[in-house]
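K.L.:
Got a predicted structure plus its sequence, pasted below:
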Amino acid sequence: MSEPVIVLDRLAKSFGETVAVSGLSLAISAGEIFGFLGVNGAGKTTTMRMLCGLMKPTAGEGAIAGQHIWKDRYRIRSKFGYVAQKFSLYPDLTVLENLRFFGGAYRVNGRTLEARVQTLLRQLDLEGKRAALAGSLSGGMRKMLALACALVHEPALLFLDEPTSGLDPVHRQQIWDLLYDLSSRGKTIFVTTHYMDEAERCTDVGFLHEGRLLARETPLGLKGHFRGRLLEIHVEPAMEGLVRLRGLPGVLGVALRSGRVRIYSADAEKLLVEWQARWPFPELRWIGHAWVAPDMEDVFKAYSQDYREILEPRRG
Amino acid sequence: MNPGSTIRSIASVARKEFLHILRDWRVLILIFTMPPAMTLLFGHAFEVTSISGASAILRDADGSPESRKLVERLRTDETFAWREWPVGSGSVDLLDAGVLMAATIPPGWGESLKNGDPQPLRLVLDGTDTNTAPQLEGAIQKSLGEFQLESRQDMIDRLPDEVFEMGRKLPESVRKEFTSSMSPWSVESEILYNPGLRFIDYVMPGIVGLILQLLTVTLMACTIARERESGTLFQLLVTPLRHNEIVVGKVLPYLVVSILLIAMTLATGHFYFHVAYRAPLLVSVLCLLFLLCSLGTGLLISAFCRTQAQAIQFTVFYLLPVFPLSGAFASLEQLPDSVRVISHAFPLTHFCHAFRLVSLGHAGLSSIVGELGFLLVGAIVTCAGAALLLRRIQD
């Protein structure tokens, strides 16, 4: 592992009585694609704003490339790029004008800027749109332009706030291909996402719940936090089964996955033995069962719903 | 921070703001047609201060040679546009008749002028507009006075020779006193600073100031609020741009545009209304400081408000008292002292006062140092305040 790019030490932020983030300690190494997971309101955006120096931490320390995220906030701004979740470029300026403006704002000028703008337009597939107003671009194109604007000063670190939300699968793939490209060239990427299939693509993920970091692992390691496998039963009709099983004692939660009902329970074996002995729902037809490996979606659900009983205690 | 990079950063922001202005063609049209159009409109509106063509009724119930003479005189007065009205129709309802005044010469009026007990003319006036009624009454009073003077001259001309014989026997001092009291007393006035008493010369600074204040504050107030509303402000604040670079970069393009606007307004006044400006350098400095002060005010509102709608509402709230209380169209001396204190808080008040001192009063720099100082301090305080508010957004 190389030198960490981001180091957070018990970082905290409160708004009056409300605690948004507390005791957040984290180290992210160069070249990592770090996926920051959590439900809405978990504190992801607050953390990102503190990292960008837009918000003063209430307590704790944080550093990017060895510089303090608050005291040195003006100095570190040239070291990272930031892509907001919402489209935050100027819709009445053309693609080229937006790029040139942000270049100037990042103090990239003259021939260097022109060369970079040309490269970015080519790389991000925007060459044909250089004279188009940013407001007239499609959602995917807008995201590409936002990325280009965040890369115009060639930062070593990139913050992306839900970069693929609202995009179609083709553009999502395109964005991720680009992130892999950047990562392979040594850039560090800090990305928040709601999509669990995207979390799988990160080299590391952190799970934030109610302002606290509950886990920080590789996707594989995070899935390993599950105690054993998950029980999946095949009943018909499946939807009714989902509703019936949801409130049953001993069942923490259920999820429908490809027509099968996934059971989250600390005592799944016991439940299965009971059901095989006497199936309590005559209106539901029992067809079979299987033991499956948990995926990221299961991890997300277990962490966000606080299913402590089926998760290993957090290590470290 | 190296100065070259600061200048380039400011230039980036300024170029971007210029593009925003250029792309919004609807506002662009407004910006460039409003100043000359408003100058023409206000200029003509305030060109003449006295009333003319007020519709009124004149009824001669007397019909004597004297009353007919008075009617003839009143008919030539351009203050009134007389309406025919039947004589014997009782009292007149002004609103129904659509007139501002009804004048009646009572029966026996001509006779009463000779029998030692002159009867008054009867006037009914609409007092809704507090200015109109006294002016109309004054116009009648004036005509009546002239009529009386003329009649007196006629009477003297018609006096029999014996009267003059008798007069000659009076002591000289009594004779002189009599002659004095019979000749009209008058004033001889010399009007300084605006000898033609052209109201347009007086009101021009007010027009310039008002238009500029309106446009600059409104345009500027939207800039930061718009960025905040659309989310671009965060994108702007994560760049290494400093707050003062953003503020200066945003003010510059609007300053250039408003200088153009002020030139257009002054040019319209000069070429169309023949308003003369003196001490162009001093006036330019005055205009520049006033613009900076207005732009700063707009920027302050902008940095304070969350949305463009709020910014516009605040602007209107700020500008509303400025219109009647800044002395742009009427003199501050009409206002009570307590209100005048508020007037002095408005940049426009100082701008108008200083502009008139220079342009009409031929005053030099020393006479308007106070006003220039006020505007300079205002510009600095508002711009610095805006930069400070921007800093607070992110903290």
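P.N.:
Okay, I see it. Not measured: the values here are computed from a predicted model.
K.L.:
Tell me how far the residue nearest to the spatial centre of chain B lies from B:Gln135.
P.N.:
The structure's chain B has its C-alpha centroid closest to B:Phe329; by CA atoms, centre = their mean the separation is 1.9 Å. Applying CB to CB, to the nearest Å, the value for B:Phe329 to B:Gln135 is 18 Å. For glycine as for every other residue, the C-beta is placed from the backbone atoms N, C-alpha and C.
K.L.:
Equivalent analysis for A:Gly35, please.
P.N.:
80 Å.
K.L.:
quick one: which of those two has more around it?
P.N.:
Neighbours of A:Gly35 and B:Gln135, each counted by other CB atoms under 10 Å in any protein chain shown, are more numerous for A:Gly35; the result is 25 against 16.
K.L.:
Hmm, A:Met196 and the more buried one touching each other?
P.N.:
No - using CB atoms under 8 Å, A:Gly35 and A:Met196 do not qualify as a contacting pair, with a distance of 9.6 Å.
K.L.:
Pick out the residue of chain A closest to chain B.
P.N.:
Nearest residue of chain A to chain B (CB to the nearest CB) works out as A:Gly104 at 2.8 Å.
K.L.:
Report the contact partners of that residue.
P.N.:
Contacts here follow CB atoms under 8 Å, 6 or more residues apart in numbering or on different chains; on that basis A:Gly104 touches A:Leu113, B:Arg8, B:Ser9, B:Ala11, B:Ser12, B:Val13, B:Arg15.
K.L.:
Looking at the closest residue to chain A within chain B now. What's its pLDDT?
P.N.:
With CB to the nearest CB as the measure, the residue in chain B that lies nearest chain A is B:Ser12; the distance is 2.8 Å. The model reports B:Ser12 with a pLDDT of 94.
K.L.:
The residue of chain A closest to chain B is in what secondary structure piece?
P.N.:
Secondary structure here is read from DSSP states H and E; on that basis A:Gly104 sits in helix A:95-105.
K.L.:
Need the CA coordinates for that helix. PDB is fine.
P.N.:
Taking only C-alpha atoms (Å, rounded to 0.1, in the frame of the first residue of the first chain), the coordinates of helix A:95-105 have been written out as PDB:
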ATOM      1  CA  VAL A  95     -18.900  23.100 -23.400                       C
ATOM      2  CA  LEU A  96     -15.700  24.900 -24.400                       C
ATOM      3  CA  GLU A  97     -16.500  28.000 -22.300                       C
ATOM      4  CA  ASN A  98     -17.300  25.900 -19.200                       C
ATOM      5  CA  LEU A  99     -14.000  24.100 -19.600                       C
ATOM      6  CA  ARG A 100     -12.000  27.200 -20.100                       C
ATOM      7  CA  PHE A 101     -13.700  29.000 -17.200                       C
ATOM      8  CA  PHE A 102     -12.900  26.200 -14.700                       C
ATOM      9  CA  GLY A 103      -9.400  25.900 -16.200                       C
ATOM     10  CA  GLY A 104      -8.900  29.600 -15.400                       C
ATOM     11  CA  ALA A 105     -10.500  29.200 -11.900                       C
END
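K.L.:
Now the lengthiest helix in chain A: buried residues?
P.N.:
Longest helix in chain A by number of residues, with DSSP state H as the criterion: helix A:169-184. Residues A:His171, A:Arg172, A:Gln174, A:Ile175, A:Trp176, A:Leu178, A:Leu179, A:Leu182, A:Ser183 are the ones in helix A:169-184 that count as buried (16 or more other CB atoms under 10 Å in any protein chain shown).
K.L.:
Sounds good, over and out.
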